[in-house]
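In: Build the 3D model from these lines:
(one chain, ligands or ions: 2)
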Amino acid sequence: MKPVQRVVVLGSTGSVGVNTLEVIERHPGRFEVFALTASTRVEQMFAQCQRFKPAFAVMASPGHARDLEQRCRSNGLQTRVLSGSDAIAQVAADERADIVMAAIVGAAGLLPCLRAARAGKRLLLANKEALVVGGQVFLDAVAQGGAQLLPIDSEHSAIFQSLPADPAQWPHQINKLILTASGGPFRTRDPQTLREVTPEQACAHPNWSMGRKISVDSATMMNKALEVIEARLLFGVQPAQIEVVIHPQSVIHSMVQYHDHSIVAQLGTADMRVPIAYGLSWPERIASGASALNFQDMAAMSFEAIDSVPHRARFPGLQLAWQVLAGPVGSTAVLNASNEVAVAAFLDRRIRFDQIYSLNAHTLSSVQPGAVRSIDDLLALDAEARGAAARLAQAWSA
Ligand code: NAD
Ligand code: MG
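Out: Ligands and ions are numbered 1, 2, ... in the order given. Below is the predicted model:
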């Protein structure tokens, strides 16, 4: 019998966090929840504490932690309640924890990821922004800590599942990585009308139910741009070896094309519990709770070139991935910071949907990364880019 694996879920109240807890709950002898962390949703966190009885629950702010603490005490729960970003990073590196699910959204998840990496955890990466910001510094921390970094993003999990088990083989065998993209809610929309898009429309994804930030990123295809950067870092391929194809049904989750032009793909229903279960149990496989694909009911699988004129006009942000990968180290952090500010401004109705791309392009041309040697250099660059992007958003919303 294997010992029970203790899991930390960073961002447990979010879409990936909740799906992670659902998979864990199916395997009580195999996993237990060691710590949960969240930003503001006290009610939901309290319900999770009642259900999973974690040793620690961490809220980002002291006020929310006090509310949670009170609820836990008056219901006789033993969970220790902590607050603040240091405490989040601390539970991610606790020596009693085996697996850390990184499901915080945005660069806010970078420091806990680094701590988990340095502490040698199995690190399940949903939080792509952390890798896009941390880049090689992040990968160095994984290597130095002896951590296992496993992808949770469905495309990267698909690629990981389609690659040979031995990463030493990857460089000799991979010709291309082909990332699929659903095209999001505006795949067929007249590009001229994108300026009228509301946050509600942008967050209504046809195939996946996700948090608001990644939903907006899927509508602009900035999500795919972040995923191109993520793929380059996770699999060590050159940017020119990464291709994106639109596949509206989200059945093929991504593919590897080998040197002999054979293509290996991973298919399944659009359910994050599949990549989550694989990350938790790798190299084994466990029940995920997802329904199976039914080919009898499947009408069609179709594909569209991303490089058509209307798609280039609909999704101008996608090419920023290759632009920043060709730029100085740190450019990916600038793009991510700008995009986080732009998406928040759009969700607050301060800028228009089509201005997300313009704001990112402007920030990239105004913020030039200097020498990047450490995580502090990257955090300084992140702050500088956020400042520049926020000033633009302010000017444009006036
Ligand atoms: P979400 O908005 O639903 O959840 C985010 C979680 O992070 C919440 O628990 C929130 O409390 C916490 N959080 C937010 N800001 C925080 C902060 N400053 N400090 C501490 N905690 C904070 O997001 P999501 O859709 O679950 O996505 C999470 C990550 O996973 C993102 O990076 C996203 O790109 C990635 N991802 C999501 C999906 C999906 O299906 N939702 C798929 C692939 C990748
Ligand atoms: Mg994805």
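
In: Need the per-residue pLDDT for whichever residue of the chain sits closest to ligand 2.
Out: Nearest residue of the chain to ligand 2: D153, at 4.1 Å (Cβ to the ion). In short, each C-beta sits where N, CA and C put it, glycine included. Looking at D153, its pLDDT stands at 98.

In: Wait, it touches A126, no?
Out: Yes - shown here, D153 and A126 form a contact pair, counting by Cβ atoms under 8 Å, at 6.5 Å.

In: which one of the two has more residues nearby?
Out: A126 (30 against 27; other Cβ atoms under 10 Å).

In: got a list of what the more buried one touches?
Out: Applying Cβ atoms under 8 Å, 6 or more residues apart in numbering to A126 gives the contacts 11, 16, 101-103, 152-153.

In: Just the ones of these in strands?
Out: Among the contacts of A126, DSSP state E puts 101-102 in strands.

In: My reading is that L378 lies in a strand. Confirm?
Out: No - counting by DSSP: H, G, I helix; E, B strand; the rest coil, L378 falls outside a strand, being helix.

In: Enumerate every residue touching it.
Out: Neighbours of L378 in contact, by Cβ under 8 Å, 6+ apart: 133-135, 137, 330, 333, 372.

In: quick one: contacts for the residue of the chain found nearest ligand 1?
Out: The nearest approach of the chain to ligand 1 comes at G14, 1.9 Å away (Cβ to the nearest ligand atom). Contacts for G14 (Cβ under 8 Å, 6+ apart) come out as 38, 103-105, 211.

In: Could you pick out the buried ones from those?
Out: 38, 103-105, 211 (16 or more other Cβ atoms under 10 Å).

In: and ligand 1, which of these reach it?
Out: Restricting these to those within reach of ligand 1 (Cβ under 6 Å from any ligand atom) leaves 38, 103-105, 211.

In: So which of those residues sits lowest on pLDDT?
Out: G211 (95).

In: quick one: secondary structure of Q266?
Out: Applying three-state DSSP: Q266 is strand.

In: number of nearby residues for it?
Out: 20.

In: For it, give the beta-bridge partners.
Out: Beta bridges link Q266 to S254 when assigned by DSSP bridges.

In: how about it, what does it touch?
Out: Counted by Cβ under 8 Å, 6+ apart, Q266 has contacts 157-159, 161-162, 252-255.

In: So for it, what's the pLDDT?
Out: 98.

In: next one: the one 3 residues further on
Out: Here, the pLDDT recorded for T269 equals 96.

In: cool, and the one 4 residues further on?
Out: pLDDT for R273: 98.

In: Wait, it touches A287, no?
Out: No - if you go by Cβ under 8 Å, R273 and A287 don't touch, sitting 9.2 Å apart.

In: Give me the more crowded residue out of the two.
Out: R273 (20 against 11).

In: what ranges do the helices span in the stretch 251-398 of the chain?
Out: With helices called from DSSP state H, counting those that start in this stretch, the stretch 251-398 of the chain shows them at 273-281, 309-314, 320-326, 331-347, 355-366, 375-397.

In: could those helices be laid out in CSV, adding distance to A225?
Out: Shown next, in CSV, are those (distance: least, Cβ to Cβ, whole Å):
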stretch, distance to A225
helix 273-281, 20
helix 309-314, 13
helix 320-326, 4
helix 331-347, 8
helix 355-366, 9
helix 375-397, 15
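
In: Among those helices, show me which one is buried the most.
Out: Neighbour counts (mean count of other Cβ atoms under 10 Å) averaged over each of these peak at helix 331-347, with a mean of 26.

In: elements contacting that one?
Out: On a contact count with 3 or more Cβ pairs under 8 Å, 6 or more residues apart in numbering; DSSP states H and E, helix 331-347 meets helix 128-145, helix 199-202, helix 212-220, helix 222-235, helix 320-326, helix 355-366, helix 375-397.
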